[in-house]
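> build me a model from this:
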Amino acid sequence: MTDAAQVDRSAESGARLFRDFASDFLRYGGARGWLLGFYLAVGAVVEGLGVLLLLPLVTIVTGSSSGNGWIDGITKSIAALAPGSTIAWKLAFVLMLFALLVGFRSFIILNRDVLMERLQSGFVEALRLRIVTALADCSWETVSRLKHGRIMHVLAQDVDECGNAAFLLLRSAAAVALLVGQWALVVLVSPKFAMVILSMIALAVIVLRPSLRHSADLGRGMADSNLNLIVETGQFLGGLKLALSQDLQHSFLAEFRRVQDGAVWRRIAFTRHRAFTQLTLTATVALMGGVVVLIGVGYFHTAPAVLFTLLFVLARLSGPVGQIQTSAQRISHSMPTYRKVKALQAELSATPHTDKIKHGRSVGVPSGGIELDAVTYLHAGLERAGVSAFSLRIEPGEIIGLAGPSGAGKTTLADLIVGLYTPQAGAIRIGSQALEGPVLDSWRQALSYVAQDPFLFHDSIRMNLLWARPNASDEDMWEALILADAAPMVRLLSAGLDAIVGERGALLSGGERQRIALARALIRRPSFLVLDEATSAIDPDGEARIMAQLRNLVPRPTILMIAHRAESLALCDRTVEMP
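Sure, this is the predicted structure:
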């Protein structure tokens, strides 16, 4: 493919992306978009009337004719309405009309700008909510393959950049309305000049069009650099403790500096490109003003009042033209981020949960045991990773130990039982009912899952517990902490339940994190509990105390305990070995 063909295809792709963005924004705006259009039209008309009043002012002051019959007629009509016949009375009357127009225009602009802000802010929140909703509705297999840094970057920076593009689109619409109004005024004053100015504007658009493609290219590079910066920051924070302990932090710093320098370079390049384009546009407008004077005086023999008004209108045209040009550049620069937002949304929406309830209400958890009948689930791209034709029966209240080498599929089996994965073959039944639809929804509400590396919010112990059960009382919290053998540790903290645990529980030891996570699971009073290496950081005596208390619960939850330690498996009713 030739370079020219690549440029054409890139331009076509960019234009299509902008159309998609504009359509998306217009659909969100709905009726409010029509109201904004009304404000823009009224504002443009009032702006034009205000400029048109310059002609009566100039002709009254100079006492000359404009050379335009209908304009002179309007001037005489306005002068006739003045309360007096002197020049001072006529000027005062025209200035009063001008002041009224300015006041009305200010009212229109106020309402226009407030509505524009609401549209922009609402569009940003709508985009962000779409992504979060798609995440909540997406299959766990898809979510687990995505980089968290990418999701965070899209939800924060990319969505905000789309909001900036929406704001610029609204500003451009206002500028276009003003430009059309001013252009209509030029046509009324001098159709010949209107054609000259239109030709020069068209020429400027053609000359500056390549700058939009260059802005899009710079925006694409900047979006990638910003994403890399977020990813590097996450890796830096995640591995900082390990790096500091081995004096390896310098490699982190070197890579972070490299990514940051690339992002800064691209920002500077875009600023330089935008400034150069703005200078070019300013020079073009100045040239247009000179051409108007030369043609008006030397060729059209235009009256001074009309020539002055045309120059004034031309000067005012530079504002909206510059706004449109700058907005077009920045919108082109923002379109790669919109592409990333749509790509993530499409990726998440491609594999939604197939078991979400769409009709009816919860049916409750069926009574009876858990049965896996020749269940198969193999992870794509990973040889032999997963579960193959596995069968198992777990009775109500039974404590099952699940053992086996790493990679045998223990965690995958647990994820299948809690409904994170749907079997590729075979079936899972609760009681006698398949684990799908309303049964799956009720099942998830009745279980708790504790992982080996538990996730804790950077908040208090109280708030971490309330996340699992928002209406829990302090008594409920202490009961769960006692069951998890965490109450003595919490009582020693000066803030007690209100003690902050740090990012992902970093202010606690590994065993303390697991105890708090277990208490959070138990406060739900689950009928089924999955412990995936959930006590691996707890000493054997502490683990034995926890399991003894769980065994004495009435009713006792069914427990699936994944473990490697023989001491842990010995606490179970029976152990199943994964091949």
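> for the residue lying closest to E395 once chain neighbours are set aside, which residues are in contact?
Excluding the flanking residues, the one nearest E395 by Cβ to Cβ, 6 or more residues apart in numbering is G369, at 4.7 Å. Just so you know, the C-beta spots here come from the backbone N, C-alpha and C atoms, and that holds for glycine as well. By Cβ atoms under 8 Å, 6 or more residues apart in numbering, the contact list for G369 reads R393, I394, E395, P396, E398, G431, T558.
> and the helices in the stretch 451-579 of the chain, which stretches?
461-468, 474-483, 487-492, 510-522, 540-551, 566-569 (DSSP state H, counting those that start in this stretch).
> tell me the least confident of the contacts of G369?
Within the contacts of G369, G431 has the lowest pLDDT, namely 88.
> wait, that residue touches G364, no?
No: using Cβ atoms under 8 Å as the test, G431 is too far from G364 to be in contact (10.4 Å).
> so between those two, which is more surrounded?
Just comparing G431 and G364: by other Cβ atoms under 10 Å the higher neighbour count belongs to G431, 15 against 12.
> what's the distance between that one and Q323?
Between G431 and Q323 the computed distance is 66 Å (Cβ to Cβ, to the nearest Å).
> farthest-apart pair in the contacts of G369, please.
Across the contacts of G369, the longest distance by Cβ to Cβ is 14.5 Å; it joins E398 and G431.
> show me where pLDDT drops low in the stretch 201-350 of the chain?
201-267, 269-319, 321-322 (pLDDT under 70).
> tell me if I400 really is in a helix.
No: counting by DSSP: H, G, I helix; E, B strand; the rest coil, I400 is not found in a helix; it is strand.
> okay, and the beta partners of it?
For I400, the beta-bridge partners are L560, R574 (DSSP bridges).
> count the neighbours of it for me.
Neighbour count of I400, defined by other Cβ under 10 Å: 20.
> oh, and call the first residue 419 from now on, that's how I've got it
Sure, I'll start counting at 419 from here, so that last one is I818.
> now do the same for it: its pLDDT.
Taking I818 on its own, its pLDDT is 93.
> try I846
Looking at I846, its pLDDT is 92.
> host element of it?
Under the criterion of DSSP states H and E, I846 resides in strand 843-848.
> show me what the helix or strand following that strand is in contact with.
Moving toward the C-terminus from strand 843-848, the next helix or strand (DSSP H and E) is strand 851-852. Strand 851-852 has contacts (Cβ under 8 Å, 6+ apart) with P784, A845, I846, V857.
> now, the most widely separated pair of the residues you listed?
Pairwise over those, using Cβ to Cβ, the maximum falls at P784 and A845, 13.9 Å.
> between the two, who's got more neighbours?
P784 (16 against 13).
> narrow the contacts of G787 to those in strands?
Residues of these located in strands (DSSP state E): R811, I812, T976.
> just the buried ones out of those, please.
Listed as buried from the ones in strands among the contacts of G787 are I812, T976; burial here means 16 or more other Cβ atoms under 10 Å.
> for the ones in strands among the contacts of G787, which one is nearest L947?
Nearest to L947 among the ones in strands among the contacts of G787, with distances taken as Cβ to Cβ, is T976, at 7.2 Å.
> close enough to count as contact, the closest one and G815?
Yes: here T976 reaches G815: they are 5.8 Å apart, a contact under Cβ under 8 Å.
> neighbours of V793, how many?
24.
> what bridges to it?
F808.
> how about it, what does it touch?
V805, A807, F808, S809, L831, L834, P841, A843, G844, A845, I846.
> domain assignment for this protein?
For the chain, automatic domain parsing gives the domain ranges 436-767, 788-995.
> K758: helix or strand, and which one exactly?
Judged by DSSP H and E, K758 forms part of helix 722-767.
> and the residue nearest to E813, how far is that from E816?
G787 is 8 Å from E816, by Cβ to Cβ.
> so what sits against both of the two?
T976.
> sorry, back to before: what is the strand holding I846 packed up against?
strand 788-796, strand 804-812 (3 or more Cβ pairs under 8 Å, 6 or more residues apart in numbering; DSSP states H and E).
> need these in JSON lines (columns: distance to A592).
Output for the helices and strands packed on strand 843-848, formatted as JSON lines (distance: least, Cβ to Cβ, whole Å):
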{"stretch": "strand 788-796", "distance to A592": "55"}
{"stretch": "strand 804-812", "distance to A592": "57"}
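> what is the nearest of the contacts of strand 851-852 to D991?
I846 (20.5 Å).
> give the contact list for the residue lying closest to that closest one once chain neighbours are set aside.
The spatially closest residue to I846, leaving aside those adjacent along the chain, is L853, at 4.3 Å (Cβ to Cβ, 6+ apart). Contacts for L853 were tallied using Cβ under 8 Å, 6+ apart; they are I835, G837, A845, I846, R847, W861.
> how about V783?
V783 is in contact with I848, V857, S860, W861, A864, S945, counting by Cβ under 8 Å, 6+ apart.
> distance check, the fourth one against I846.
From W861 over to I846 the distance is 10 Å, taken as Cβ to Cβ.
> can you pull out the strands in the chain?
Using DSSP E, the strands found in the chain span residues 788-796, 804-812, 817-821, 843-848, 851-852, 865-868, 946-950, 976-980, 992-995.
> other residues contacting stretch 538-546?
F443, Y446, G447, L573, V577, D578, C580, G581, A584, F585, L588, V759.
> what about the residue nearest to I846, distance to V948?
On the measure of Cβ to Cβ, L853 and V948 end up 14 Å apart.
> same question, V783
In terms of Cβ to Cβ, V783 sits 15 Å off from V948.
> of the contacts of strand 851-852, just say which sits nearest to R748.
Nearest to R748 among those, with distances taken as Cβ to Cβ, is V857, at 51.5 Å.
> let me know how buried P906 is, in neighbour terms.
10.
> retrieve the pLDDT associated with it.
93.
> and the gap between it and L899?
From P906 to L899 the distance is 9 Å (Cβ to Cβ).
> what of P888?
Where L899 is concerned, P888 sits at a distance of 17 Å (Cβ to Cβ).
> tell me the contacts of I549?
I549 neighbours (Cβ under 8 Å, 6+ apart): I569, V572, L573, V577, V759, L762, Q763, L766.
> which one of these has the most neighbours?
Within these, V572 tops the neighbour count with 25 neighbours, counted by other Cβ under 10 Å.
> out of the helices of the stretch 869-997 of the chain, which is the most enclosed?
Most buried of the helices of the stretch 869-997 of the chain by mean neighbour count (mean count of other Cβ atoms under 10 Å) is helix 928-940; its value is a mean of 24.
> who does that one touch, helix- and strand-wise?
strand 865-868, helix 879-886, helix 892-901, strand 946-950, helix 958-969.
> select, out of those, the one closest to P997.
strand 946-950 (18.5 Å).
> parallel or antiparallel, which strands does that closest one pair with?
strand 865-868 (parallel), strand 976-980 (parallel).
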